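**Q** no sequence for this one, just the structure:
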């Protein structure tokens, strides 16, 4: 399918595969549920299905933390569709397996959200049973020239994946960094393990599972295409530290740094995702082969793909691994301030140390402990708590009432390991962050995110502050040119490597160069309605829908946000948005009428794609409202619970297909023409 097919405006829905309730699935959505879902979408007038990532993420549910960039998640396999299940070698074992599937289905089907780990473990156990029954036959298919051998040749990644998965299982699913052996491997080591005849049966198990997943997903994708529906996939930009790719290809990653996002109003400590960042210089040597292979694999199933956190292709926020937060993160790449720059500003060695390392007055330690002390202050206990902080973490500067951190303290994790009470630890965390510049390499400095709030910055004269700000602005502009060149280079390779249409998730602190590069490469950006606004002295002003760029995807909610219903009832400034929408009397309690107005307004956006989470579409009918709207969201960022990533539809695809009013209401969205707003374009601040 050529890229130009997507020049027309399309309307679609976003859904995780696991959320589907199909007739033959085992408590969780499976790839082979997609054709039935596509038929429902067709009835609704939808033209696009956007999926969350579907790669193998092991026994943890986040699809953005996968163990492989290529292998699919066994959670989505339909066991009863396996060729081996259709032709059992032993009738008795077949009946036992069939009963296991039926029992598991009954056990899980009544769950409101699917129990990810339990279902995956149940499926893996059944897959093991079937494989053991058919191991000789499967091995024969892997002989030279046979079907499974040809599939392995077409998917060379599966060799290192199978070796990695076998080792991970042998090490009780621990991260490869905690394995007893093979923590560091070469390509020759992996090849030797793969070719070990004693390990062949174990390796072939993982190959057999992946080949079946690939076959089922291809079959489903083809059926969706025949229905006239486009599938948009999702490619997470980053890889889990504990992944086959980082283990087998450490040269293309920088593992001592941890990717994340800088502080903002929603997360004042920033986000530290724990993922390594890419070594773009190393990847450039083979013209980004790993990425081109990822796209080739994805193009088997998708006609479009979402580039998660596209800002990371320009520059990424990275922290040292001995910090929990990302307050002391920095942009990579970045043109640093240097020791020479600071000397030119008039700073001697002592003042450079002052602005780049935390300095703690004695009194602040005592004040911090007193302020957090519970009950009457016990002077002896207070003195003991203070002494523990001074002796374990700090070093006095001469005879001054001023202290610095000991050299052994290199991050928040080191502070945490000191065994201090909560108030002492929290004080030192804040003190550790209190600096103006971060010296991340000898003689190279980056301005700390909150540098203007630091003790060091407050001590500068007005002239020094002005000179520093001018220098930082010059470094930022120079860095912008580097970011633009890097983003243009990598994204150009991606665009040239596939006929899939790229769509970028460009949220966050967006450099000026990003919109320019995306527009030049005709990559669709993302516009989330609730965040598409400008602020001025009159407050928030939403951007009119006719002002949305044509090269964009417009949506009212994303997987990391609340649904439209929860947003409206618990988060939105209702009067402001209602006035913007032209319906000042919109009810405060969300109902199908409110949903219709908000979703139809969103559908009128000038954007090429307008997509809605399927649970937001369900709110067009009174039949599908959960008692608590919070239970309908997919993920709550910053939390790690069994709730996240386990959303399920409230009923089967077949049941929802019977709701004629819902189908009619969604179909009306597809007929909405681009808005012709009379609202003036907001002035730029």
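**A** Cool, the structure landed. The structure presented is a predicted model; accordingly, all values stated were derived computationally and were not measured.
**Q** what about the closest residue to residue 607 other than its chain neighbours, neighbour count?
**A** Among residues not flanking residue 607 along the chain, residue 554 sits closest, at 3.7 Å (Cβ to Cβ, 6 or more residues apart in numbering). (Each C-beta comes from the backbone N, C-alpha and C, glycine too.) When neighbours are counted by other Cβ atoms under 10 Å, residue 554 registers 26.
**Q** can you give me phi and psi for residue 554?
**A** Main-chain dihedrals, residue 554, degrees, to the nearest 10: phi -100, psi 130.
**Q** Confirm for me that it is in contact with residue 604.
**A** No - using Cβ atoms under 8 Å, residue 554 makes no contact with residue 604, being 9.3 Å away.
**Q** what sits in contact with each of these two?
**A** Common contact partners of residue 554 and residue 604 (Cβ atoms under 8 Å, 6 or more residues apart in numbering): residue 545.
**Q** Which strand residues bridge the residue nearest to residue 607?
**A** residue 527, residue 610 (DSSP bridges).
**Q** Run a quick neighbour tally on residue 154.
**A** Residue 154: 11 surrounding residues under other Cβ under 10 Å.
**Q** I meant residue 340, not that one.
**A** 8.
**Q** That one: what secondary structure?
**A** helix (DSSP: H, G, I helix; E, B strand; the rest coil).
**Q** what residues does stretch 611-620 touch?
**A** By Cβ under 8 Å, 6+ apart, the residues outside stretch 611-620 that reach it are 11-15, 19, 44, 48, 50, 553-559, 563-565, 590, 592, 595-596, 599, 602, 624-625, 632, 634, 647, 649-650, 656, 661-662, 665-666, 669.
**Q** mind redoing it with 6 Å?
**A** 12-15, 50, 555, 557, 563-565, 592, 595, 624, 632, 662, 665-666 (Cβ atoms under 6 Å, 6 or more residues apart in numbering).
**Q** Just the buried residues out of these, in PyMOL syntax.
**A** Remark: buried members of these, expressed as a PyMOL selection using 16 or more other Cβ atoms under 10 Å:
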select buried, resi 12+13+14+15+50+555+557+563+564+565+592+595+624+632+662+665+666
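**Q** Next step: the contacts of stretch 611-620 restricted to helices.
**A** 564-565, 592, 595, 662, 665-666 (DSSP state H).
**Q** Not counting residues beside it along the chain, what's closest to residue 274?
**A** In space, residue 274 is closest to residue 258, 5.5 Å off (Cβ to Cβ, 6+ apart).
**Q** which element follows the strand or helix carrying the one you found toward the C-terminus?
**A** Residue 258 belongs to strand 257-261 when elements are defined using DSSP states H and E. Reading on from strand 257-261 to the C-terminus, the next helix or strand found by DSSP H and E is strand 271-272.
**Q** which other helices and strands contact that next one?
**A** strand 257-261 (3 or more Cβ pairs under 6 Å, 6 or more residues apart in numbering; DSSP states H and E).
**Q** quick one: the strand it packs on to chain centroid distance?
**A** 12 Å (Cα atoms, centre = their mean, to the nearest Å).
**Q** Stretch 561-573 too?
**A** 21 Å.
**Q** swap in stretch 248-255?
**A** Per Cα atoms, centre = their mean, the centroid offset for stretch 248-255 relative to its chain is 19 Å.
**Q** swap in stretch 220-230?
**A** 26 Å.
**Q** cool, stretch 666-677 as well?
**A** Worked out by Cα atoms, centre = their mean, stretch 666-677 lies 30 Å from the chain centre.
**Q** repeat for stretch 176-196
**A** Centre-to-centre, stretch 176-196 and its host chain are 28 Å apart (Cα atoms, centre = their mean).
**Q** which residues sit against that stretch?
**A** Under Cβ under 6 Å, 6+ apart, the answer for stretch 176-196 is 159-160, 163, 167, 171, 247.
**Q** Let me see the mean pLDDT of it.
**A** Averaged over stretch 176-196, pLDDT sits at 97.
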